[in-house]
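predicted model and sequence follow; I will ask about them next.
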Amino acid sequence: MANYGSRTGRETPERRPDPPADKSFPADPRTRIPFAIALATLAGCADSIGFLEFSQLFMSFMSGNTTRFGVAVSNGDWENVTRVASTISIFCFGAFLGTLIAAWVGRWRLAVLLTLQALLLAGGLLMPWGTFAYPLHAYPIVLALGLQNATLQDEGGRSLALTYVTGAVVRFGTGCANLLLGTVAPSFWIQAPLWAGLSTGAVIGGLLDIRYGESAFLFPAALAAVLALIAIALTLAKPGSTLVAGSSPAPDASPKAQVIDAIH
């Protein structure tokens, strides 16, 4: 069939592509945003306590640990190299394991991952101290915070940066520029609250550690447990609801990855 625009002498307006599908998890921002801010606060609290308890070893800030690793290598401090490298490896394994769990459990993702985090944060107190090079006492906390990064996703399917703020600060800065350009992404609005949550948690963690020492880890463990109970209650009361589920691929998967429908 001849093109109508060519017959009339006018060009047919080009059809704009449909906007990309929302790949956030949970899909409803009424739960995703409060959970994200609460988890950022939890991460800041746990990182602060761990930093004070384990001789300035970061529990979730792997950029800082990477710098410490480089300094230790340059100084030939191999005991510290082992200490920091093992911590980074445990954190990476937590993100790896959390992503697999997120892909396997569907709409139970929030409930399962938050329950595991609560158990690991509290269970660290039961672990032996280990040695300076292998701080066994710290590993469950580090593993829990690695898991945490697979808990939530933004509208593009990217995992929300809940345990570090460098990405949040960068996205806030670029988002401000895009706001002026009129092309700001919806995820821009959560970046400043994430930074505030993690910073507030770090202050709370420092104060708790001064008062309670290593037992202060029970506070982020209790917060994770409360969030897990809320997630379990919502999943049971509203199975398949966007409050606790979404249609998204595994966190940070390829744009061509198959969507895991946890709603229907």
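Structure's in. What do you need?

which stretch of helix or strand covers the residue nearest to residue 31 when sequence neighbours are not counted?
Among residues not flanking residue 31 along the chain, residue 243 sits closest, at 4.8 Å (CB to CB, 6 or more residues apart in numbering). Quick note: C-beta positions are derived from backbone N, CA and C, even for glycine. Per DSSP states H and E, residue 243 falls between elements, in no helix or strand.

same question for residue 206.
Short version, using DSSP H and E: residue 206 is in helix 191-212.

so how far is residue 124 from the residue nearest to residue 31?
For residue 243, the distance to residue 124 (CB to CB, to the nearest Å) stands at 30 Å.

higher neighbour count, these two?
For the pair residue 243 and residue 124, the greater number of neighbours falls to residue 124 (24 against 19), based on other CB atoms under 10 Å.

quick one, phi/psi of that one?
Dihedral pair for residue 124: phi -60, psi -30, per degrees, to the nearest 10.

please apply the same query to residue 26.
phi -60, psi 160.

could you count how many residues lie near it?
27.

that one against residue 110, yeah?
Yes: the criterion here is CB atoms under 8 Å, and residue 26 meets it with residue 110 at 7.0 Å.

so what sits against both of the two?
35, 244 (CB atoms under 8 Å, 6 or more residues apart in numbering).

show me which positions of the helix holding residue 206 end up buried.
Across helix 191-212, burial judged by 16 or more other CB atoms under 10 Å covers 191, 194-198, 201-202, 204-206, 208-209.

what's the lowest-pLDDT member of the residues you listed?
Across the buried residues of helix 191-212, the smallest pLDDT goes to residue 191, namely 81.

name the nearest residue to that one, ignoring sequence neighbours.
Nearest to residue 191 is residue 172, by CB to CB, 6+ apart, at 4.0 Å.

could you pull up the residues touching that neighbour?
188, 191-192, 195.

from residue 65, how far off is residue 90?
11 Å.

which sections of the stretch 1-150 of the chain are below the confidence cut-off?
Applying pLDDT under 70 to the stretch 1-150 of the chain flags the ranges 1-22.

give me that answer again for 80
By pLDDT under 80, the weakly predicted segments of the stretch 1-150 of the chain are 1-24, 27.

also the stretch 151-264 of the chain?
Across the stretch 151-264 of the chain (using pLDDT under 80), the flagged ranges come out as 153-161, 164-168, 171, 184-189, 240, 245-264.

do that again at 90, thanks
151-195, 238-264 (pLDDT under 90).

can you give me the strands in it?
With strands called from DSSP state E, counting those that start in this stretch, the stretch 151-264 of the chain shows them at 247-248, 260-261.
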